[in-house]
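Colleague: Sequence first, then the predicted structure:
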Amino acid sequence: MLRTVNPNRTLRLDASRTRRIHAALLSNSDRQEPWDARCPSAQCHTGSMAIQITMTADQLGRSRFVVSQAQEVVSTLRVRGKHAARHASTWYARAQERMAPDALAVLNALVPADHEYSPDFLTPPPTRSVETIEDLTRRIAQTPPADIERQLDIGLRGRPIRPDVAQLFRDELTYDRWRRPTPAVLARVIADGPEKVASAAAEAISQFFAVAIEPDWRTTITVLKDDIRRKSELLAARGAVAMLDSLGQGMSWTGTGISLPRPYDVVVDWADDGLLMIPTTTHIGPVQFTTECPMTPVVVYRPDGTAQLWQTHTQVRQSAVADLVGDTRAALLAALGEPRTTTDLGRQYPWSEATISYHLQVLLRAGMVHRSRHGRKVLYRRTPLGTSLVET
């Protein structure tokens, strides 16, 4: 698969069983140019750096939206309890309290917080619009052993080096330094074979969802379905440009397909059935793109309206804050635990950027938020005063 876990730095192409395209996560300095994707339909070259997904507007119109509980689990794990979204931090805290320690340890070992790579078998693309967690984990448990072995080999030091992956780094030593040590808890599971790794991962993801996410799943699925409805209506009413803009930073319509700026060039020309789009409330950063030739490319993005989930966990405190500063400013303060732009906030709340900007200026003058500039972006974040108000 092609996956941009850290899209500013890295690339991975994994193997499909039919038409094989290989790569691994690699940094700009380690990547060889020009890069040969070794697939007739995947071409990498120098020039303007982007993933180019060639398709017609009609093909884009065939795109489907699906929901993945496994994607919510993995995205929550990726940043542990430090997630900017309050509900994700709550979910991880619940898992720590309620899961079997060994099961959570296996997931933490498979989805590291300090490394870009995690195995793709943990998040199989759903086959229906809303697939059950039982169906998803059954498919994880049935992952072919060869796929498990390959994905473990890619990221874990001390395992066999895959030549097709190593050739994408400066040299084999550089590749091996990029890989991480195998955590002891994972090594014990691996010793029992790839089938055991798959079954242990499936059971752990099932546990995580049951104890941490399922209590909020009714609200979560409402947020996801509402976003899917809005995106579908936007595509029908205003076309591809407006819909892609609404997915977040990094996607644009070129007239002949979709462009995603990346530090490498890839052309994907097998998206005859459009895209498989997975809104994920715990996703952070630009859209994540995954493809396996000739399967439908997958786009993971953060949906609008996730503040509803934050409010579920802060409604008592927020009602008191709202009495003091008003509902809109209370909601914005709750969202500014991490630096955010007005555009970011506009995707999560039903207010215009002008309205958000006005309320941020009031909070800024009151000393409750701090403003800083990062390149062309103006970022807002709660000050200690604002945080004390929210957390009181």
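Modeller: Sure thing, it's come through. Numbering: from 1, shown residues only.
Colleague: Which residue ranges of the stretch 201-350 of the chain form strands?
Modeller: Ranges of strands in the stretch 201-350 of the chain, per DSSP state E, counting those that start in this stretch, are 252-253, 257-261, 266-268, 276-279, 288-291, 298-301.
Colleague: got those as a markdown table, with distance to residue 62, mean pLDDT and mean neighbour count columns?
Modeller: For glycine as for every other residue, the C-beta is placed from the backbone atoms N, C-alpha and C. Compiled in a markdown table, the strands of the stretch 201-350 of the chain are given as follows (distance: least, C-beta to C-beta, whole Å; pLDDT from 0 to 100; neighbours: other C-beta atoms under 10 Å):
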| stretch | distance to residue 62 | mean pLDDT | mean neighbour count |
| --- | --- | --- | --- |
| strand 252-253 | 15 | 82 | 16 |
| strand 257-261 | 13 | 85 | 20 |
| strand 266-268 | 15 | 82 | 22 |
| strand 276-279 | 10 | 92 | 24 |
| strand 288-291 | 16 | 80 | 24 |
| strand 298-301 | 14 | 90 | 23 |
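Colleague: will you turn the ones you listed into CSV that also has distance to residue 108?
Modeller: Listed next are those as CSV, based on distance: least, C-beta to C-beta, whole Å:
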stretch, distance to residue 108
strand 252-253, 36
strand 257-261, 29
strand 266-268, 31
strand 276-279, 23
strand 288-291, 20
strand 298-301, 21
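Colleague: isn't residue 143 right up against residue 199?
Modeller: No - taking contacts as C-beta atoms under 8 Å, residue 143 lies outside contact range of residue 199: 9.6 Å.
Colleague: Just want to know which of those two has more residues nearby.
Modeller: Using other C-beta atoms under 10 Å as the criterion, residue 143 and residue 199 rank with residue 143 on top: 22 against 18.
Colleague: which SS class is the more buried one?
Modeller: Recorded secondary structure, residue 143: coil (DSSP: H, G, I helix; E, B strand; the rest coil).
Colleague: pLDDT score for it?
Modeller: At residue 143, the model reports a pLDDT of 96.
Colleague: ok, it to residue 289 distance?
Modeller: 21 Å (C-beta to C-beta, to the nearest Å).
Colleague: ditto for residue 304
Modeller: Using C-beta to C-beta, residue 304 is found at 20 Å from residue 289.
Colleague: do the same with residue 126
Modeller: For residue 126, the distance to residue 289 - C-beta to C-beta - is 17 Å.
Colleague: ok, now residue 341?
Modeller: 22 Å.
Colleague: Next: residue 243.
Modeller: For residue 243 relative to residue 289 (C-beta to C-beta), the value is 16 Å.
Colleague: Next: residue 332.
Modeller: As judged by C-beta to C-beta, residue 332 and residue 289 stand 30 Å apart.
Colleague: per-domain residue ranges of the chain.
Modeller: With domains defined by automatic domain parsing, the chain comprises 2-66+219-301, 69-214, 307-391.
Colleague: For the spatially most central residue of the chain, give me phi and psi.
Modeller: Most central in the chain under C-alpha atoms, centre = their mean is residue 283, positioned 4.0 Å from the mean C-alpha point. Main-chain torsions, residue 283, degrees, to the nearest 10: phi -70, psi 140.
Colleague: nearest spatial neighbour of residue 351, skipping sequence neighbours?
Modeller: residue 328 (6.8 Å; C-beta to C-beta, 6 or more residues apart in numbering).
Colleague: same question, residue 235
Modeller: The shortest distance from residue 235 to any non-neighbouring residue, by C-beta to C-beta, 6+ apart, is to residue 243 (4.1 Å).
Colleague: On the pLDDT front, check the one you found for me.
Modeller: At residue 243, the model reports a pLDDT of 84.
Colleague: Might one say that it is in contact with residue 237?
Modeller: No - using C-beta under 8 Å, residue 243 is not in contact with residue 237, being 9.3 Å away.
Colleague: Averaging pLDDT per element, find the lowest-scoring helix or strand in the protein.
Modeller: strand 2-3 (a mean of 38; mean pLDDT, DSSP states H and E).
Colleague: and the gap between residue 308 and residue 219?
Modeller: The value you get for residue 308 to residue 219, if C-beta to C-beta is used, is 6 Å.
Colleague: these two touch, right, the residue nearest to residue 351 and residue 352?
Modeller: No - when contacts are counted by C-beta under 8 Å, residue 328 is not listed as touching residue 352 (11.5 Å).
Colleague: Of the two, which one has the most company?
Modeller: Taking neighbours as other C-beta under 10 Å, residue 328 and residue 352 compare with residue 328 leading, 16 against 11.
Colleague: what about the helices in the stretch 1-150 of the chain?
Modeller: For the stretch 1-150 of the chain, applying DSSP state H, counting those that start in this stretch gives helices covering 57-61, 69-78, 86-98, 101-110, 133-141, 145-155.
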